[in-house]
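Peer 1: for reference, the sequence and a predicted model appear below.
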Amino acid sequence: MQARMKNPATLIPEALPAVLDVAKAAKQGGVPEATLELVHLRVSQINGCSYCVDGGARNAKKAGMSDERLFALAAWHEAPYYSDAERAALALAEAATRLSDRTDPVPDAVWDEAARHHDEKQMAGLVLWIGLTNLFNRINAATRQ
């Protein structure tokens, strides 16, 4: 597939440092890197962003993610490879990505389970990371990066 245009962050160079600052800030929330990598990859799978799926899988592998965890991510609900905290983060990521799938986009039960495993600062980091991943996915999908 050929890109429709250059990456918008290169065409408007002031955008890239701001986006990278949000990514850096989200990582300061204290969520384990492995969880953030899983969330990024799962959100990218949902959004069909091949660039982010490919890059996300490679980054997760570099961070020490096992093949089993990578291969089974699309079926994380049934797969035995994820902790309860990771499952809660993945459920939050799916709900916050699929906003139009239900009348209550992020149900209290999903939020409360994530908050049971992550303190408020970690929740802030997760929400920022999920939003940022969705931003990357939308930029890349729209411009065919």
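Peer 2: Structure received.

Peer 1: show me what contacts the most centrally placed residue in the chain?
Peer 2: Of all residues in the chain, the one closest to the mean position by CA atoms, centre = their mean is His40, 2.5 Å from it. Going by CB atoms under 8 Å, 6 or more residues apart in numbering, His40 touches Cys52, Gly56, Asn59, Trp129, Thr133. Any C-beta I mention is one placed from the backbone N, CA and C, and that applies to glycine too.

Peer 1: let's verify the first one: helix, strand, or coil?
Peer 2: Translated: Cys52. Recorded secondary structure, Cys52: helix (DSSP: H, G, I helix; E, B strand; the rest coil).

Peer 1: hey, where'd the helices end up in this protein?
Peer 2: 8-11, 15-27, 33-47, 50-62, 67-71, 84-97, 108-117, 120-143 (DSSP state H).

Peer 1: low-confidence ranges in the protein?
Peer 2: Applying pLDDT under 70 to the chain flags no residue at all.

Peer 1: now with 90, please.
Peer 2: 1, 9-10, 63, 145 (pLDDT under 90).

Peer 1: and for the residue nearest to Glu33 when sequence neighbours are not counted, the neighbour number?
Peer 2: Counting by CB to CB, 6 or more residues apart in numbering, Ala63 is the residue found nearest to Glu33 once chain neighbours are left out, at 5.5 Å. By the criterion of other CB atoms under 10 Å, Ala63 has 12 neighbours.

Peer 1: what sits against Ala63?
Peer 2: Glu33, Ala34, Glu37.

Peer 1: what is the neighbour count of the first one?
Peer 2: The reference is to Glu33. Glu33: 13 surrounding residues under other CB under 10 Å.

Peer 1: for the second one, same thing?
Peer 2: For Ala34, the number of neighbouring residues by other CB under 10 Å comes to 17.

Peer 1: looks like it contacts Lys61 (just checking).
Peer 2: No. Judged on CB atoms under 8 Å, Ala34 makes no contact with Lys61 at a distance of 11.3 Å.

Peer 1: relative to Asn134, how far out is the residue nearest to Cys52 when sequence neighbours are not counted?
Peer 2: Spatial nearest neighbour of Cys52, excluding adjacent residues (CB to CB, 6+ apart): Ser44 at 3.6 Å. From Ser44 across to Asn134, the span is 9 Å (CB to CB, to the nearest Å).
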